[in-house]
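K.L.:
requesting a structural model of the entry that follows:
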Amino acid sequence: MSFWWLALKDTLLIAKDKKALLTLILMPMLLIAILGAAFGNLMGDGEVKIDQFALGVANLDEGELGDTMTEEVFAKGLSEMVEVRRMDEEELYRSLRDQKIAVGLLINQDFSSRVIAGKETAVKLVSIPSAQLQATITENVVQQFAREAAVRMEGMKLAITAAGGAGSKATATPATAGEASFGRIKEQAVGEEGVPVSSFQYYAAGMGVMFLLMTVTIGVSAMIEEKEQEVYKRLLVSKLTHFEYLTGKFLGLLFLSLLQLLAIMLGTHFLFSVDWGSSISGVLLIGVSFVFSASALGVMAGSFIKTEKAFSTAAMLGTQIMAAVGGSMVPLYAFPDWINHLVKVFPNALALQSFLELMSGGGVKDVLPGAAALIGLGIIFLAIGLSRLAVERRTIYA
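P.N.:
Just a heads-up that it's a prediction; the model follows:
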């Protein structure tokens, strides 16, 4: 079939272009190395261990909530992280000056009464210059304790009011509020069965899908150059149908993109120890589906644009926008959830989210919807491109 010859021709032309190969293979590897190393600490590579630190507490509270927070929350609940040292106010400041403690907590006399009354309360928090993280942890714990204590006390007041209306007697005291355990917020980036994605993994997938889009633009540029020259007209007056022409261009992009994706996966695996996931079949499924969709998108764009100069400008802008909002440049977690859902109409964003799902421990069943969406988008793009070429041939080259 003649479209196989056309596909082979396009693949060989780009494969022989040393500048194109340098851009499509070495550039993504270089960017993955730079970004992976630069953002390693921001992407959760390994655990950040916080050593136990000394917390000096000067409890001046005349109620019982100060003792509850000191004993139940800090001394017992956070014993592995915090070493609580009880002292008076003068000793607290002296210990800070001598750096015997990292953080000092001064609980005011009216702490309990103001919390019970639902009023704004304040504690004094002082730390040595090198203990900013420990001070932040202490501050968050105090804030959470005060909020939850206020909510519990308000609930008890409502319950007592209701009980009083029914003829019962009950009394609310800080002690009864402190008997209930105070929950702690625990943040977790991935599911219980999932694994965190490293910066090298993230940018291997992100740069991979971005440079695959660039491969498509290079292939489509060659397609448009044929339109500007006599090559396209000669092809159309031959026995080559518009369907065969579109199929040949599409297969050429498909073969080249698959080779590039394979090179990026193998290169990142052996150079940077990137784990693309335990499900090889899932990785292959998403890889092929994305290449199919991206190639179809490129062919559709090539069927509409007539000049290579116009396409170069549009492709550069479009690729950068898709890469930016799709997560290749800025991590997906930096965007609101509604944007992450909205950009799934872009093949690169959908592919990146699917690759990250596999890297986090997902399997084939977890990425089947993404693969189906990518293939569906590809079919739509191909249908639009085919219709466009059919109309163009009938109106211009009839």
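
K.L.:
which residue is nearest the middle of this structure?
P.N.:
Centroid-nearest residue in the chain: residue 332, 3.2 Å away (criterion: C-alpha atoms, centre = their mean).

K.L.:
that one touches residue 355, doesn't it?
P.N.:
No: applying C-beta atoms under 8 Å, one finds residue 332 not in contact with residue 355, separated by 11.2 Å. For the C-beta atoms, the positions are set from N, CA and C on the backbone; glycine is no exception.

K.L.:
for residue 85, which three-state class applies?
P.N.:
Recorded secondary structure, residue 85: strand (DSSP: H, G, I helix; E, B strand; the rest coil).

K.L.:
hmm, back to that, any idea how far the residue nearest to the centre of the chain lies from residue 87?
P.N.:
47 Å (C-beta to C-beta, to the nearest Å).

K.L.:
what do you get for residue 355?
P.N.:
Applying C-beta to C-beta to residue 355 and residue 87 gives a distance of 53 Å.

K.L.:
more neighbours: which of the two?
P.N.:
The neighbour comparison of residue 355 against residue 87 (other C-beta atoms under 10 Å) goes to residue 355, with 29 against 17.

K.L.:
tell me, how many residues neighbour residue 197?
P.N.:
Neighbours of residue 197 (other C-beta under 10 Å): 25.

K.L.:
what's the closest non-adjacent residue to it?
P.N.:
Using C-beta to C-beta, 6 or more residues apart in numbering and skipping the chain neighbours, the partner closest in space to residue 197 is residue 359 (4.9 Å).

K.L.:
tell me the contacts of that neighbour?
P.N.:
Neighbour list for residue 359: 195, 197, 201, 205, 275, 276, 277 [criterion: C-beta atoms under 8 Å, 6 or more residues apart in numbering].

K.L.:
can we see that at 6 Å?
P.N.:
197, 201, 277 (C-beta atoms under 6 Å, 6 or more residues apart in numbering).

K.L.:
please, where are all the strands along this protein?
P.N.:
53-59, 82-86, 103-107, 123-127 (DSSP state E).

K.L.:
lowest-confidence stretch among the ones you listed?
P.N.:
Mean pLDDT values for the strands of the chain show the minimum at strand 123-127, a mean of 84.

K.L.:
given it, what are its sheet partners and their directions?
P.N.:
Sheet pairing here is set by DSSP bridges, and for strand 123-127 it gives strand 103-107 (antiparallel).

K.L.:
need the contact partners of the partner strand.
P.N.:
Strand 103-107 has contacts (C-beta under 6 Å, 6+ apart) with 55-61, 66, 92, 96, 123-127, 131, 134-135, 138.

K.L.:
just the buried members of these?
P.N.:
55-59, 61, 66, 92, 96, 123, 127, 131, 134-135, 138 (16 or more other C-beta atoms under 10 Å).

K.L.:
in those residues, find the pair that's most separated.
P.N.:
Across the buried ones among the contacts of strand 103-107, no pair lies farther apart than 61 and 131, at 23.4 Å, counting by C-beta to C-beta.

K.L.:
output the below-cut-off pLDDT ranges for the stretch 251-398 of the chain.
P.N.:
By pLDDT under 70, the low-scoring segments of the stretch 251-398 of the chain are 333-334, 392-398.

K.L.:
where along it do the helices fall?
P.N.:
280-304, 308-325, 337-342, 347-359, 364-396 (DSSP state H, counting those that start in this stretch).

K.L.:
for the longest one, name the packing helices and strands.
P.N.:
Which is helix 364-396. Under the contact criterion of 3 or more C-beta pairs under 6 Å, 6 or more residues apart in numbering; DSSP states H and E, helix 364-396 touches helix 242-272, helix 280-304, helix 347-359.

K.L.:
nearest to residue 220, of the ones you listed?
P.N.:
Going by C-beta to C-beta, the one of these nearest residue 220 is helix 280-304, 4.1 Å.

K.L.:
report the buried residues of that closest one.
P.N.:
For helix 280-304, by 16+ other C-beta under 10 Å, it's 282-303.

K.L.:
show me what it is packed against.
P.N.:
Applying 3+ C-beta pairs under 6 Å, 6+ apart, one finds that helix 280-304 contacts helix 199-228, helix 242-272, helix 347-359, helix 364-396.

K.L.:
residue 30 - how many residues pack around it?
P.N.:
By other C-beta under 10 Å, 11 other residues sit near residue 30.

K.L.:
likewise for the one 5 residues further on?
P.N.:
Neighbour count for residue 35, taken as other C-beta under 10 Å: 20.
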